[in-house]
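Novice: I would like to see how this sequence folds:
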Amino acid sequence: MNGENVANGVGITPRLAERLLAAGADVITLGNHVWRRSEVRPYLAETERVVRPANLWSGAPGRGLTVVPAADGAPVAVINVLGSLFLDPATSMFEVIDGLVDEAREATPIVFVDVHAEATSEKVALARWLDGRVTAVVGTHTHVQTADARVQPGGTAAITDAGMTGPHDSVIGVKAELAIQRMRTGIPVRFETAEGGVRIEGVLVECGPDGRATACQAVRVEV
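Specialist: Numbers count the residues shown, from 1 in each chain. Just a heads-up that it's a prediction; the model follows:
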């Protein structure tokens, strides 16, 4: 799961990461707000189950690739990368992704990629580039579930954005009146997380032991 904004809407803390893992998440991916909570830095240097974008500065703590066992014991590799538009990673994800996929496939044919990006074009392009080499390419960051869940010709599942788990009676999780005030005036305002109207969103991917996806379906559960 992507845990980019679980700490009151921005970033993640070690305590919250451990709660999510204890609740059943196998791996947590992050994004452009990875450093918003300073206490996460030493935690990322040690944990193997929380990954941050691999294309950040090389000296940053943490990892962008991990391999963990699924419920049936099958090893699953998880890669996290950051898109370029508005997010300004140290290196383009296209510069690092091939090496990451090669490394992952040495451990397992089941490879999951979280592409945390603003531009839909970047997410679609990465999914096409990796078709046939990974099991799934799932987009995150824009908080709005897209209607393009699919299995590509080479056997890679893809969706441009898995959506948002949180209060949907909002502006992508923020109290609507605050977001609108900022947009209408241009004056900075402190955002607050909205309440109510919670939905759980994601994507369900099925695959065989060879890592080829056989199904990809967007999921939405209203709480």
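Novice: let me see the backbone angles for the residue of the chain most remote from its centre.
Specialist: Most distant from the centre of the chain: residue 185, at 31.4 Å, with distances by Cα atoms, centre = their mean. Dihedral angles of residue 185 (phi, psi; degrees, to the nearest 10) stand at phi -110, psi -20.
Novice: likewise the one 4 residues further on?
Specialist: Backbone geometry at residue 189, expressed as degrees, to the nearest 10, gives phi -140, psi 150.
Novice: that one: neighbour count?
Specialist: 15 (other Cβ atoms under 10 Å). All C-beta atoms are positioned from the backbone trio N, CA, C, and that covers glycine.
Novice: does it really touch residue 183, like I thought?
Specialist: No: between residue 189 and residue 183 there is no contact under Cβ atoms under 8 Å: 9.9 Å.
Novice: quick one: the helices in the chain?
Specialist: Along the chain, counting by DSSP state H, helices occupy 14-23, 40-46, 93-107, 120-129, 176-185.
Novice: mean neighbour count, these: which tops it?
Specialist: Stretch with highest mean neighbour count among these: helix 120-129 (a mean of 19; mean count of other Cβ atoms under 10 Å).
Novice: pLDDT of it, averaged?
Specialist: Helix 120-129 comes out with an average pLDDT of 98.
Novice: who touches that helix?
Specialist: 81, 83-85, 93-94, 97, 113, 115, 117, 137, 139, 142, 146, 152, 156, 158, 160-161 (Cβ atoms under 8 Å, 6 or more residues apart in numbering).
Novice: 10 Å instead, please
Specialist: 81-85, 87, 92-94, 97-98, 101, 113, 115-117, 119, 134, 136-142, 146, 148, 150, 152-154, 156-161 (Cβ atoms under 10 Å, 6 or more residues apart in numbering).
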